[in-house]
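Undergrad: Here's my sequence, what's the structure:
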Amino acid sequence: MSSARLIYGFHAVTAKLRHDPESIKEILIDAGRQDARARDLLKSAEFNGVRVSESEGKRLDAMLPGARHQGVIARVEGGRKALHLDDVLDTLEEPPFLLVLDGITDPRNLGACLRVADAAGAHAVIAPKDRAAGLTDVAVKTASGAAESVPYITVTNLARTLRELKERDICIVGTAGEAQSDLYAAEWPAATAWVLGAEGEGMRRLTRETCDLLVRIPMHGSVDSLNVSVAAGVCLFEARRRRG
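TA: Below you'll find the predicted structure:
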């Protein structure tokens, strides 16, 4: 039998309940959470026959020091099951907020991007199966827990996936140093997927052509580019600020 691991946060646990409930051994929830979101999760767990235990918030904090668990932790089977994009999008009750990485091959950069995505409240990180770092031990360690809280979805054809997002009325916003639109002056809807490429190379041509909008981060010093995780933080937190 595989060893158990912990996942946490409402997005991660709800998606697991909806699409892979048999892998959940137990859900621990903060006894102080009596809101509608917690009640919905409890109903879903009961429907799927998953055991739920109430716990003190301090105990949950001790299980995952420093993690933003939102008062819900699940013990699941040790192996990671591949997630599909619909697994996440179909569980959302608010406009999707996604980070897309194109050509990020350094696992430390991936881990840092996952950490930024978690901090900004992104619903998922999407990357191609090829020319991508993958969730290696280095990436997971660098993510500092965010690899468990933010769904990481790999896709075979990134351009096709972006077109599918557009069919769901999700605006594809790409970042490029030569873009005409300034990040802080540009406008975009709440439902967005932010696309970042590797530092120096940027997005691939097909990825770029699929974007609805290209924006640049204004640079005021001598350097002309930022590390991808830093750029992701700038863009995602500006988007989060506007979402309120």
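Undergrad: shaky segments in the chain?
TA: The chain contains residues with pLDDT under 70 at 1-3, 19, 78-82.
Undergrad: mind running it again at 50?
TA: Scanning the chain for pLDDT under 50 picks out 1.
Undergrad: What ranges does it have for its helices?
TA: Using DSSP state H, the helices of the chain run over 10-19, 36-47, 57-63, 85-89, 107-120, 137-143, 146-149, 158-167, 205-210, 228-243.
Undergrad: Distance from the last one to the middle of the chain?
TA: Put simply, helix 228-243 sits 13 Å off its chain's centre (Cα atoms, centre = their mean, to the nearest Å).
Undergrad: Residues contacting that helix, please?
TA: 95, 97, 99, 101, 104, 109, 112-113, 115-117, 119-122, 173, 175, 183-184, 188, 190, 192, 194, 196-199, 215, 217, 225-226 (Cβ atoms under 8 Å, 6 or more residues apart in numbering). For every residue, glycine as well, the C-beta is placed using N, CA and C.
Undergrad: now swap in the fourth one and tell me
TA: Residues from elsewhere that reach helix 85-89 (Cβ under 8 Å, 6+ apart): 11, 15, 18-19, 96, 123-124, 126, 151, 153, 155, 161, 164-165, 168.
Undergrad: which of those residues lies closest to R75?
TA: For the contacts of helix 85-89, the residue nearest R75 by Cβ to Cβ is A15; the value is 15.8 Å.
Undergrad: Do I have it right that that closest one meets P151?
TA: Yes: A15 is within contact range of P151, at 6.3 Å (criterion: Cβ atoms under 8 Å).
Undergrad: hey, what's in contact with both of those two?
TA: Contacts common to A15 and P151, judged by Cβ under 8 Å, 6+ apart, are L83, D87, V88.
Undergrad: returning to what we had before: nearest to D130 among the helices of the chain would be which one?
TA: helix 158-167 (9.2 Å).
Undergrad: How far away from the center of its chain is the closest one?
TA: Distance of helix 158-167 from its chain centroid, counting by Cα atoms, centre = their mean, is 17 Å.
Undergrad: which secondary structure elements does that helix contact?
TA: Helix 158-167 sits against helix 85-89, strand 97-102, strand 124-128, strand 171-175, strand 192-197, helix 205-210, with contacts defined as 3 or more Cβ pairs under 8 Å, 6 or more residues apart in numbering; DSSP states H and E.
Undergrad: Next, format these as CSV and append distance to R59 and mean neighbour count.
TA: Shown next, in CSV, are these (distance: least, Cβ to Cβ, whole Å; neighbours: other Cβ atoms under 10 Å):
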stretch, distance to R59, mean neighbour count
helix 85-89, 28, 18
strand 97-102, 30, 25
strand 124-128, 28, 23
strand 171-175, 40, 23
strand 192-197, 35, 25
helix 205-210, 44, 15
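Undergrad: returning to that earlier point: between the helices of the chain, which one is closest to L28.
TA: Of all the helices of the chain, helix 57-63 comes closest under Cβ to Cβ, at 6.3 Å.
Undergrad: List the buried residues of that closest one.
TA: By 16 or more other Cβ atoms under 10 Å, the buried positions in helix 57-63 come out as L60.
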